[in-house]
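Engineer: how would this look folded up:
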Amino acid sequence: MQIKYSEFSKKELIEHFQEMFGKAPFPYFSRSFLIKYIIYNKQVDKYGGLPLSIQKQINKLIQKYQKNKSIINKDIKSTKTYCVDIGTKLLREFKGKKYEVTVLEKGFEYNGEIYKSLSAIANKITGTRWNGKVFFGVKNG
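Structural biologist: A predicted model of the protein is given here:
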């Protein structure tokens, strides 16, 4: 059964917030903000939050803003990100042998070992330098 928060009164939303988070929301939270906040956190619980790389970029921007009280466009990385869900198995055949890598929250598991990057695994498999995202087909070359 799907909960229809739009039908909740502000008082009911506050009570629900307290059940979810164990504390009262700030009194200045509007009804619409409470709805969005509750729904967002339910989605994070179910599907996970931001990718670690994006969260790190946000944290760096916050630190820069706290230090300089400003952020300029060049501070914001314009990166092409790829998104592969945690638990995904990446398969690659190379020189007739099949290789399998599992995506973890903070790295990749290959052959019982944890690696920080796909490139490190691709280099280990091939013996030469490779872009790991290209090697495993999660990014076009």
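
Engineer: Can you verify Ile58 is assigned to a helix?
Structural biologist: Yes: according to DSSP: H, G, I helix; E, B strand; the rest coil, the state of Ile58 is that of a helix.

Engineer: Distance check, the residue sitting furthest away from the middle of the chain against Asn111.
Structural biologist: Here the centre of the chain is the reference, and by CA atoms, centre = their mean the most remote residue is Gly96, at 33.7 Å. Gly96 is 17 Å from Asn111, where distance means CB to CB, to the nearest Å. For glycine as for every other residue, the C-beta is placed from the backbone atoms N, C-alpha and C.

Engineer: same deal with Gln55?
Structural biologist: Taken as CB to CB, the span from Gln55 to Asn111 is 28 Å.

Engineer: and Ala24, how far is that from Glu15?
Structural biologist: Ala24 is 9 Å from Glu15, by CB to CB.

Engineer: brain fart, Ser30
Structural biologist: Separation of Ser30 from Glu15 (CB to CB): 16 Å.

Engineer: Which of these two has more residues huddled nearby?
Structural biologist: Higher neighbour count among Ser30 and Glu15: Glu15, with 13 against 10, using other CB atoms under 10 Å.

Engineer: Which helix or which strand is home to the more buried one?
Structural biologist: Take DSSP states H and E as the rule and Glu15 turns out to sit in helix 10-21.
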